[in-house]
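Peer 1: curious how this folds, go ahead:
(2 chains)
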Amino acid sequence: DGGITQSPKYLFRKEGQNVTLSCEQNLNHDAMYWYRQDPGQGLRLIYYSQIVNDFQKGDIAEGYSVSREKKESFPLTVTSAQKNPTAFYLCASSIRQGKAYEQYFGPGTRLTVT
Amino acid sequence: AQKITQTQPGMFVQEKEAVTLDCTYDTSDPSYGLFWYKQPSSGEMIFLIYQGSYDQQNATEGRYSLNFQKARKSANLVISASQLGDSAMYFCAMREVGRTGANSKLTFGKGITLSVRP
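Peer 2: Alright, predicted model coming up:
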């Protein structure tokens, strides 16, 4: 079945360490996105990519980095520069960028940094 | 100013009854899309329904319908015949297109918690 996978579901790291969150899709979607969700809040866009080897910053890109070397994969690295990295991270994809194209989401990764 | 406003406190509905979840939005862009997503306790975001700003009719998808009032800038979600499995967080979101036609990001509201009582 087609879908988006994120691994792991729960991730624990020590402060000062970089950590990479995985996102893979087999939907043949062009566009991919990373969001952050804090308790009681909506989703905030970190980075997005419309095509391979191209990506743009979202609203809260500081302290994060991404790559898009393959259409299927869009990993997110949470660097030690991110001041409050503990959050729920959601990856999404859509056929292409466009107002009518809904985004499909993965199951999310809950990152805890202590 | 917030782009998407969802101000209802936690909502409760009796099983099999209908419920309306409110959403107001703010944009000066004539072309935009409105979305509703459901987030159960597992965390995954599930797409429910879409309404385009130029769509003449209100969108419907099974038990979900969108009460789109463009002049009031509201896009309320109506869930008919509520089921226990409808208990979740519900998010309204908007995507603006912009003058250049470049596609901009999806902006989410803060969500509404719906609890369905048996």
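
Peer 1: find the nearest non-adjacent residue to the spatially most central residue of chain A, please.
Peer 2: Nearest to the geometric centre of chain A sits A:Trp34, at 2.8 Å (Cα atoms, centre = their mean). Leaving aside its chain neighbours, A:Trp34 sits nearest to A:Ile46 (4.3 Å; criterion: Cβ to Cβ, 6 or more residues apart in numbering or on different chains). The C-beta positions use only the backbone N, C-alpha and C, and glycine is treated the same way.

Peer 1: need the pLDDT of A:Ile1.
Peer 2: Not quite, residue A:1 is Asp, not Ile. A:Asp1 carries a pLDDT value of 65.

Peer 1: now swap in A:Ala92 and tell me
Peer 2: 93.

Peer 1: surely it meets A:Tyr101?
Peer 2: No - checked against Cβ atoms under 8 Å, the pair A:Ala92 and A:Tyr101 is beyond contact range at 10.9 Å.

Peer 1: quick revisit: give me every residue that touches the residue nearest to the centre of chain A.
Peer 2: A:21, A:23, A:45-48, A:58, A:64, A:66, A:74, A:76, A:89-92 (Cβ atoms under 8 Å, 6 or more residues apart in numbering or on different chains).

Peer 1: so which of the residues you listed are in strands?
Peer 2: Judged by DSSP state E, these include A:21, A:23, A:45-48, A:64, A:66, A:76, A:89-92 as members of strands.

Peer 1: for those residues, give me a markdown table that also has distance to B:Asn67 and neighbour count.
Peer 2: Listed next are the ones in strands among the contacts of A:Trp34 as a markdown table, based on distance: Cβ to Cβ, whole Å; neighbours: other Cβ atoms under 10 Å in any protein chain shown:
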| residue | distance to B:Asn67 | neighbour count |
| --- | --- | --- |
| A:Leu21 | 37 | 23 |
| A:Cys23 | 34 | 24 |
| A:Leu45 | 27 | 20 |
| A:Ile46 | 32 | 26 |
| A:Tyr47 | 34 | 22 |
| A:Tyr48 | 30 | 27 |
| A:Tyr64 | 37 | 21 |
| A:Val66 | 37 | 22 |
| A:Leu76 | 36 | 23 |
| A:Tyr89 | 32 | 23 |
| A:Leu90 | 27 | 26 |
| A:Cys91 | 31 | 27 |
| A:Ala92 | 26 | 25 |
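
Peer 1: and which of the residues you listed is nearest B:Ser28?
Peer 2: Using Cβ to Cβ, A:Leu45 comes nearest to B:Ser28 of these, at 20.1 Å.

Peer 1: any idea of the pLDDT on that closest one?
Peer 2: We have a pLDDT of 92 for A:Leu45.

Peer 1: how many residues are close by the closest residue in space to it that isn't next to it in sequence?
Peer 2: What sits nearest to A:Leu45 in space, not counting adjacent residues and going by Cβ to Cβ, 6+ apart, is A:Gly58, at 3.1 Å. By other Cβ atoms under 10 Å in any protein chain shown, 18 other residues sit near A:Gly58.

Peer 1: before we move on, the earlier item: so who does the residue nearest to A:Trp34 touch?
Peer 2: A:Trp34, A:Tyr35, A:Arg36, A:Gly58, A:Asp59, A:Ile60, A:Ala61, A:Tyr64, A:Val66, A:Leu76, A:Tyr89.

Peer 1: how about 10 Å then?
Peer 2: A:Ile46 is in contact with A:33-36, A:57-66, A:76, A:78, A:82, A:87, A:89-91, counting by Cβ atoms under 10 Å, 6 or more residues apart in numbering or on different chains.
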